[in-house]
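Trainee: let's see this in three dimensions:
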Amino acid sequence: MAPDRPPSVDRLARSLADTGLPHPLLVDAARQAVADGDPASVEERARDLAESMGRHLLTGVVNATGVLLHTNLGRAPWGAAIDDTRYSTLEFDLSTGDRGSRQDRAPALLARACGAEAAIVVNNCASAVLLVLAALAEGRGVVVSRGELVEIGGGFRIPDVMAQSGARLIEVGTTNRTRLGDFASAVAGDDAALILNVHRSNYRIEGFTESVGVSELADLGLPVVADIGSGLLDVACPWLADGPPPWLADEPAARQTLEAGADLVTFSGDKLLGGPQAGVIAGRADLVAACAAHPLARALRPGSLILHALQDLALAYLRRDGDAIPFWRMATLTVDDLRYRAAAIAPDLVADTMAVPGGGTLPGVEIPSVGLRLPGNHAAALRAGTPPVIARVADQTTLLDLRTVHPNDDAVLGAALDRLGVR
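Mentor: The predicted model follows:
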């Protein structure tokens, strides 16, 4: 007797069309079920695949970790409000009908917001540093303090970025002490093109230390490029009604760094600026123009979604509307406001806690906050919800910090607690 022929893979896949999965993925599930000799399992396999995709594709989550700029969760929560049925004027000049530049809108607004002559935008801060070094110092020396040869997330190091740019690193001083004379000697005795000042945004050196400020470096006769990293625009925070919060003390800002004598500043878009991932180069118009004219500028340029998001963000800063910027709205909530929300969700679970800036910004800084404290480790169960809730766990205790939770998601936390049976 001839063995039964296996069912058609295509027919099995088409029978699962109501799962919502793309047909090629249903074909994969059907083919594997047939290969395993278990075609009856194809529906279960498709359900498992749909659930797995939901866990692995990009999706929105509720950040209850208390880390305001959580690198793994996209850092600052910001998106672009655009009409996705229309094209954009990305490189089109409405006044003349001719080709325009993508660097004429959002970058110009950001330059205005931080007091720079001009600015351009690339895809992240490492790219900004790379482009500046390639455009202004290829084949020449760049003077950097040994105490500022930082490593950022993912193992990327300033010396490595510099090597890729074609510039040559000139190290001066020591890890903990660098003096003005160290820079002066390097400038006088070597073919240096510029001085790079790097903000140690993700670590601190304390104790027997000495460093040189931008204003002193500016007197040495070479262009000074300050990589301030975190992206604070102005130490006065004019977009906040109550001025700068105390935890921002000593954080360098673009406006004041330029006023101190820096010729260029570079910084991230998705940290203290509060926007999407991007890198900003701002400062002297001639140096910005040299960066924009370099071939790498095209390789590192952002697309229309990022530029539109930055345009909206820059306009919020120029309007001095901090409430329109989610990062600043969350970062400046009062403890009383947070406690009120926590009590409304689960009064028996309210607990004081400390949030942190995160994202390699303001190391060691803590911001008083309020959250919900649950005995036991419930992180996996919270992640399994829709939308997923991301908590932090310490000493077999789960903490939901409300500083990083939008008030609209308080109901989501309440429903999650109900599923856990803890309120």
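Trainee: surely Ser268 touches Ala278?
Mentor: Yes: between Ser268 and Ala278 there is a contact under CB atoms under 8 Å: 7.3 Å. C-beta here means a position set from N, CA and C on the backbone, and glycine is covered the same way.
Trainee: which neighbours do these two have in common?
Mentor: Residues touching both Ser268 and Ala278 (CB atoms under 8 Å, 6 or more residues apart in numbering) are Asn124.
Trainee: burial of the closest residue in space to Leu149 that isn't next to it in sequence, as a residue count?
Mentor: Closest residue to Leu149 apart from its sequence neighbours, by CB to CB, 6 or more residues apart in numbering: Ile158 at 5.1 Å. Residues near Ile158, counting by other CB atoms under 10 Å, number 21.
Trainee: likewise for Val62?
Mentor: 23.
Trainee: got a list of what the nearest residue to Asp348 once chain neighbours are set aside touches?
Mentor: Closest residue to Asp348 apart from its sequence neighbours, by CB to CB, 6+ apart: Arg423 at 7.3 Å. By CB under 8 Å, 6+ apart, the residues touching Arg423 are Ile345, Ala346, Asp348, Leu349, Gly414, Leu417.
Trainee: burial count for Pro245?
Mentor: A count of nearby residues for Pro245, using other CB under 10 Å, gives 14.
Trainee: for it, give its distance to Thr353.
Mentor: Applying CB to CB, to the nearest Å, the value for Pro245 to Thr353 is 17 Å.
Trainee: Gly261 should be in a strand, yeah?
Mentor: No: Gly261: not assigned to a strand; according to DSSP: H, G, I helix; E, B strand; the rest coil it is coil.
Trainee: looking at it, it is touching Ala218, isn't it?
Mentor: Yes: between Gly261 and Ala218 there is a contact at 2.7 Å, judged by CB under 8 Å.
Trainee: can you list residues touching both of those two?
Mentor: Residues touching both Gly261 and Ala218 (CB under 8 Å, 6+ apart): Val224.
Trainee: Arg11: which element?
Mentor: Using DSSP states H and E, Arg11 maps to helix 9-14.
Trainee: how about that helix: buried residues?
Mentor: Going by neighbour count (16 or more other CB atoms under 10 Å), the buried part of helix 9-14 is Val9, Leu12, Ala13.
Trainee: where does Gly274 land in three-state SS?
Mentor: Under the three-state scheme (three-state DSSP), Gly274 adopts coil.
Trainee: could you find the closest non-adjacent residue to it?
Mentor: Computed as CB to CB, 6+ apart, the closest residue to Gly274 that is not its neighbour in sequence is Phe327, at 3.5 Å.
Trainee: with Cys114 instead?
Mentor: Take Cys114 and drop its neighbours on the chain: the residue closest to it by CB to CB, 6+ apart is Ala254, 3.8 Å away.
Trainee: ok, the one you found - contacts?
Mentor: Listed by CB under 8 Å, 6+ apart, the contact partners of Ala254 are Cys114, Gly115, Ala116, Ile228, Gly231, Leu232, Leu233, Asp234, Val265, Phe267, Val280, Ala282.
Trainee: that older thread, can you check the pLDDT for the residue nearest to Asp348?
Mentor: Looking at Arg423, its pLDDT is 82.
Trainee: quick check: it vs Val393, distance?
Mentor: As judged by CB to CB, Arg423 and Val393 stand 18 Å apart.
Trainee: likewise for Pro159?
Mentor: According to CB to CB, Pro159 and Val393 sit 36 Å apart.
Trainee: next one: Glu251
Mentor: Distance from Glu251 to Val393, counting by CB to CB: 29 Å.
Trainee: which of the two has more neighbours?
Mentor: A count of neighbours by other CB under 10 Å puts Glu251 above the other of Glu251 and Val393, at 20 against 16.
Trainee: surely that one and Phe267 touch.
Mentor: No: using CB under 8 Å as the test, Glu251 is too far from Phe267 to be in contact (11.2 Å).
Trainee: host element of Leu400?
Mentor: Element membership of Leu400, judged by DSSP H and E, is strand 397-401.
Trainee: now do the strand ranked longest in the chain: which elements does it pack against?
Mentor: Using DSSP state E, we find that the single longest strand of the chain is strand 367-375. Secondary-structure packing of strand 367-375 (3 or more CB pairs under 8 Å, 6 or more residues apart in numbering; DSSP states H and E): helix 335-345, strand 350-355, strand 397-401, helix 410-420.
Trainee: need the winner for burial among the ones you listed.
Mentor: Per-stretch averages of neighbours, counted by mean count of other CB atoms under 10 Å, single out strand 397-401 among the helices and strands packed on strand 367-375, with a mean of 23.
Trainee: what strands line up against it, and which way round?
Mentor: The strands beside strand 397-401 in its sheet (DSSP bridges) come out as strand 367-375 (antiparallel), strand 392-394 (antiparallel).
Trainee: out of the contacts of Ala254, which comes closest to Asp38?
Mentor: The closest of those to Asp38 turns out to be Gly231 (CB to CB; 54.1 Å).
Trainee: the closest one and Asn124, how far apart?
Mentor: Going from Gly231 to Asn124 by CB to CB gives 11 Å.
Trainee: the more surrounded of those two?
Mentor: Set Gly231 next to Asn124 and count neighbours by other CB under 10 Å: Gly231 wins out with 29 against 19.
Trainee: was I right to think the more buried one contacts Thr266?
Mentor: No: in this structure Gly231 lies outside contact range of Thr266 using CB under 8 Å: 9.4 Å.
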